[in-house]
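Asks: Quick one, fold the following:
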Amino acid sequence: MSITRKSFGVTKDGKEASLYTLCGEKGLEATVTDFGAILVSLVVPDHKGGRRDVVLGYDTLKEYEESGGCLGSTVGRHANRIGGAKFSMDGVDYHMVVNDKENNLHTDKKNGFHKVMWKGSPDEAATAVKFTYLSPDGENGFPGNLTMSVTYTLLEDGIQIDYDGVSDKKTVINVTNHSYFNLGGHDSGSIEDERLTLKASGFTEIYPGAIPTGRILPVEGTPMDFRTARRIGDDVDADWEQLKLVGGYDHNWVLDTEFGRVEKFAQLEDDRSGITMDAYTDLPGVQGYTANGLSDRNGKGGARYARREAVCLETQYFPNSVNIPSFRQPVFDAGQHCRTTTVYRFR
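Replies: Down below sits the predicted model:
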């Protein structure tokens, strides 16, 4: 197990960025950068004697700075959507930038966690890199000076992502990783033949704008039912209102797991590579996204990415929870830590 570090260039505002590559003994390799605390690549041994990079990404810092889509990024302070780009807490109204119709999506497309420099601290003994960022009081509309850390740890069979945030004021913390997975390889095309299993018997119903209505509906009898493994493409284009609202899967599933305990919630399988990914979290929900809005673009190593060529499994508190009291709240008092873990394992 080892860690190497090299330059990733200089940001537009003159900050030096680095790439950290974590290498395992069984061929697993992860590369992360302190710009956006981004997972740039994740190379996994396949069942044919080869190795495949299973996350979409870019070759250059400039592309990460200028491109949308949050490929591999750490997203926060609040991942996903806040309806009306505002919420109230203890009688005070807080306003975010309106960047997704009349709503807020992923905090700020230009100044969210995925677009700022983090401080990287490698830990050779643990084969891990810890990224830390201080989000000042009022940044992107949120209260409190928030100290946030994201730690990527290479495992023998995968990667673990640990989050730890604490603020000096009561605030909202809902951070996720926005990796786009394709187990056939980042450059292998559509993921509609990949098979997905989700330990979730419910999902949060949405209205136009992809904002939850507040109702949790059963998946049974709907295209949202992945309790047993089936192709992602089986119903992704079904003539069903909830899918038509967002052009495919871009929904929050309510997990049948214990909040606060790291448990397996998903399994993704690919016949081309023979790779299976098991995903674990201690959070209550996951946003499953089939890259419906991924525009045609250049990717790593000369690859060309397009719609439906990846799937995201973004662990999270439910979207717009801060405006729906019946949902578990991503609200933390001053001095109260928000600690959470997500793990992706491969076999």
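Asks: ranges for the strands of the stretch 1-150 of the chain?
Replies: Secondary structure of the stretch 1-150 of the chain (DSSP state E, counting those that start in this stretch): strands at 2-10, 16-23, 29-33, 38-45, 51-53, 73-75, 81-82, 86-89, 92-95, 104-105, 119-123, 128-135, 146-154.
Asks: Give me the buried positions along the fifth one.
Replies: Just to be clear, that refers to strand 51-53. Buried residues in strand 51-53, counted by 16 or more other Cβ atoms under 10 Å: 52-53. Just so you know, the C-beta spots here come from the backbone N, C-alpha and C atoms, and that holds for glycine as well.
Asks: can you start the count at 321 instead of 1 from here on
Replies: All right, first residue 321 from here; so that's strand 371-373.
Asks: Can you work out which other helices and strands pack against it?
Replies: Applying 3 or more Cβ pairs under 8 Å, 6 or more residues apart in numbering; DSSP states H and E, one finds that strand 371-373 makes contact with strand 358-365.
Asks: Which neighbouring elements make contact with the strand it packs on?
Replies: Packing contacts for strand 358-365, counted by 3+ Cβ pairs under 8 Å, 6+ apart, involve strand 349-353, strand 371-373, strand 658-666.
Asks: between the strands of the stretch 321-470 of the chain, which gets nearest to Glu540?
Replies: In terms of Cβ to Cβ, the element of these nearest to Glu540 is strand 401-402, at 25.4 Å.
Asks: Determine the longest helix present in the protein.
Replies: What stands out as the longest helix in the chain, according to DSSP state H, is helix 381-386.
Asks: name the element Asn497 belongs to?
Replies: Taking DSSP states H and E as the definition, Asn497 sits inside strand 496-498.
Asks: what's in contact with the very next helix or strand once past that strand?
Replies: Downstream of strand 496-498, the first helix or strand assigned by DSSP H and E is strand 515-518. By Cβ atoms under 8 Å, 6 or more residues apart in numbering, the residues outside strand 515-518 that reach it are 546-552, 573, 575, 585-590, 606, 608, 631.
Asks: now the helices for the stretch 521-667 of the chain?
Replies: Using DSSP state H, counting those that start in this stretch, the helices of the stretch 521-667 of the chain run over 561-564.
Asks: Okay, now the unreliable bits of the stretch 421-570 of the chain?
Replies: For the stretch 421-570 of the chain, no stretch is flagged by pLDDT under 70.
Asks: tell me which strands and helices the strand holding Asn497 is in contact with?
Replies: Counting contacts by 3+ Cβ pairs under 8 Å, 6+ apart, strand 496-498 is packed against strand 393-395, strand 632-636.
Asks: Now render the ones you listed as a markdown table, adding distance to Lys620, mean neighbour count and mean pLDDT.
Replies: Shown next, in a markdown table, are the helices and strands packed on strand 496-498 (distance: least, Cβ to Cβ, whole Å; neighbours: other Cβ atoms under 10 Å; pLDDT from 0 to 100):
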| stretch | distance to Lys620 | mean neighbour count | mean pLDDT |
| --- | --- | --- | --- |
| strand 393-395 | 15 | 25 | 98 |
| strand 632-636 | 17 | 24 | 98 |
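Asks: As TSV, those with distance to Glu385 would be great.
Replies: Shown next, in TSV, are the helices and strands packed on strand 496-498 (distance: least, Cβ to Cβ, whole Å):
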stretch	distance to Glu385
strand 393-395	12
strand 632-636	21
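Asks: I'd like the distance between the residue sitting furthest away from the middle of the chain and Thr610.
Replies: Computed with Cα atoms, centre = their mean, the residue of the chain farthest from its C-alpha average is Gly411, at 30.8 Å. Between Gly411 and Thr610 the distance is 40 Å, computed by Cβ to Cβ, to the nearest Å.
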